[in-house]
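S.K.: Okay, predicted coordinates and the sequence, questions at the end:
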Amino acid sequence: MLDVIIIGAGPAGLSAAIECRKNDLNTLVVDEFPKLGGRLLGQLHQEPTGEWWNGIEEAKKLVDEAQRLNTDIRTGISVHHVAKVDDHFVVHTNDGKFEATNVLIATGAAETAVPVPGWTLPGVMSIGAAQVMTNVHRVKVGERGVIVGVNVLSAAIAHELKLGGVDIHSMVLPSKNVISADQAEPYAVMERLSRIAHLAPSAFIRFGSKFAKSPIVQKLAVKLYPKNGITMFDIPIHLRKAIVSINGTEQVESVTIAKVTPEGDIIPNSEEVVNVDFVCIAGGLYPLAELAAVMGCEFKYVEELGGHVPVHSEAMETAVDGLFVAGNITGIESAKVARSQGTVAGLSIAKRMTNDVSLDRQLDRAMQNVKTTRDNATIQFHPHIYRGRERVKAAYNRITETKE
């Protein structure tokens, strides 16, 4: 019987494993990907300090530390079911069943795809797939392309693609439909764009972003938005243009783009055809929480965290005894926050297994570090993160009080 099985070998899962092994817990980490590190592997960006955040190097540090502690880590293993049996869990995988007293789910997030006519053509991919191909596999996704969707994720990855020698013609909005929702509305996109302007190389844009936080200024900015877009990292970002279709016979050959009103409606007879050989669709991220749902974990829809998240405490414990969560399954944030949450989860599991009171101080420091890391995050995927976290915390308190 294992002390803990950790599902997911990203920043949260590996950090938790390190703390569990430091406390001599019999720990197994499984991940379906052949490489360790999760989303860290695709990340490469420059911090405001001028330092570069290299996800591959950060992942290597975590893997090296976990291996130094003799952690059992297995790749290529998919988990398709988790069941609670009496006082332990049975984890069903493509490599058989594993039993453990505790389970940590650190499965991260998945991408939301926005449908566009022609999106089944070869050469169309999610923005995350383009990031992995470029930064992990060192494969150039194409010579010239368009990114559909203007958000924190697409802006960051667009820069990474440029660093990889890929020509990005522009970033445009998806066409307005039931699924694209506010991603196709210039006003809503402008509000999100103002939160990442501090990453822009232009001091003028960074200065202007301070004023762009005002809803009045945002609406005025959309109405007066330049026809040629605003350039960030030498990439034109358009809030008054949307993709109408992706064109080609056997692969992507071009895209049709049209001008839109401030409300996101297509302006008739404004279409233009742009020759490209690839298209990246950026619909955002949502917590990958199916395994927690299978476990009967309580959920709450929290827009500020990216969707439905398992209800959990600040110590990363759920109301299912012995079940813990950490990372983007708890809400869409940066890899640094996920790493900090993993440390908290690992210490919480160690405390549950050992009853070592000396871990209380470490756990308090780790929980405070999550907040500090969140405060200092370069990129915030959603506004009002703390408000969302408080809603989840309140829900957890209500559940546990009812049980008592």
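M.R.: Looks like it came in fine. Numbering: from 1, shown residues only.

S.K.: Residues touching stretch 266-280, excluding its own?
M.R.: The contact list for stretch 266-280, computed with C-beta atoms under 8 Å, 6 or more residues apart in numbering, reads 116, 119, 123-127, 129-130, 141-148, 154, 157, 161, 169-170, 175-176, 242-244, 246-247, 251-261. Every residue, glycine included, has its C-beta placed from N, CA and C.

S.K.: hmm, try it at 6 Å
M.R.: Contacts with stretch 266-280, where a contact means C-beta atoms under 6 Å, 6 or more residues apart in numbering, come from 123-125, 127, 130, 141-147, 169, 246, 252, 254-260.

S.K.: For that stretch, measure first residue to last.
M.R.: Taking C-alpha to C-alpha, to the nearest Å, the first and last residues of stretch 266-280 lie 21 Å apart.

S.K.: what's across from the closest residue to Ile281 other than its chain neighbours in the sheet?
M.R.: Spatial nearest neighbour of Ile281, chain neighbours left out: Val148 (4.9 Å); criterion: C-beta to C-beta, 6 or more residues apart in numbering. When bridges are called by DSSP bridges, Val148 pairs up with Val172, Ile281.

S.K.: mind checking how far Val148 is from Phe324?
M.R.: Taking C-beta to C-beta, to the nearest Å as the measure, Val148 and Phe324 are separated by 36 Å.

S.K.: next one: Val146
M.R.: Counting by C-beta to C-beta, the separation of Val146 from Phe324 is 41 Å.

S.K.: got a list of what Val311 touches?
M.R.: Shown here is Val311, whose contacts under the criterion C-beta under 6 Å, 6+ apart are 298, 300, 392, 395-396.

S.K.: Let's see which of the contacts of stretch 266-280 end up in helices.
M.R.: When DSSP state H defines the helices, the subset of the contacts of stretch 266-280 inside them is 127, 130.

S.K.: Out of the contacts of stretch 266-280, which end up buried?
M.R.: Buried residues within the contacts of stretch 266-280, counting neighbours by 16 or more other C-beta atoms under 10 Å: 123-125, 127, 130, 141-142, 145-147, 169, 246, 252, 254-255, 257-260.

S.K.: what residues are up against the nearest residue to Glu19 once chain neighbours are set aside?
M.R.: What sits nearest to Glu19 in space, not counting adjacent residues and going by C-beta to C-beta, 6+ apart, is Gly346, at 2.8 Å. Taking C-beta under 6 Å, 6+ apart as the contact definition, Gly346 lies against 16, 19-20.

S.K.: So which of those is surrounded by the most neighbours?
M.R.: Each of these was scored by neighbours using other C-beta atoms under 10 Å; the highest score is Ala16's, at 33 neighbours.

S.K.: could you give the mean pLDDT of the helix or strand where that residue lies?
M.R.: Under DSSP states H and E, the secondary-structure element containing Ala16 is helix 11-22. For helix 11-22, the per-residue pLDDT values average out at 98.

S.K.: Gly283 is in contact with the residue nearest to Ile281, correct?
M.R.: No. With contacts defined as C-beta atoms under 6 Å, Val148 does not count as touching Gly283, sitting 8.5 Å away.

S.K.: Those two: who's more crowded?
M.R.: Higher neighbour count among Val148 and Gly283: Val148, with 30 against 22, using other C-beta under 10 Å.

S.K.: For the more buried one, give its distance to Glu253.
M.R.: Val148 is 16 Å from Glu253, where distance means C-beta to C-beta.

S.K.: what's the answer for Ala113, then?
M.R.: According to C-beta to C-beta, Ala113 and Glu253 sit 21 Å apart.

S.K.: ditto for Pro34
M.R.: According to C-beta to C-beta, Pro34 stands 33 Å off from Glu253.

S.K.: Done for today, thanks.
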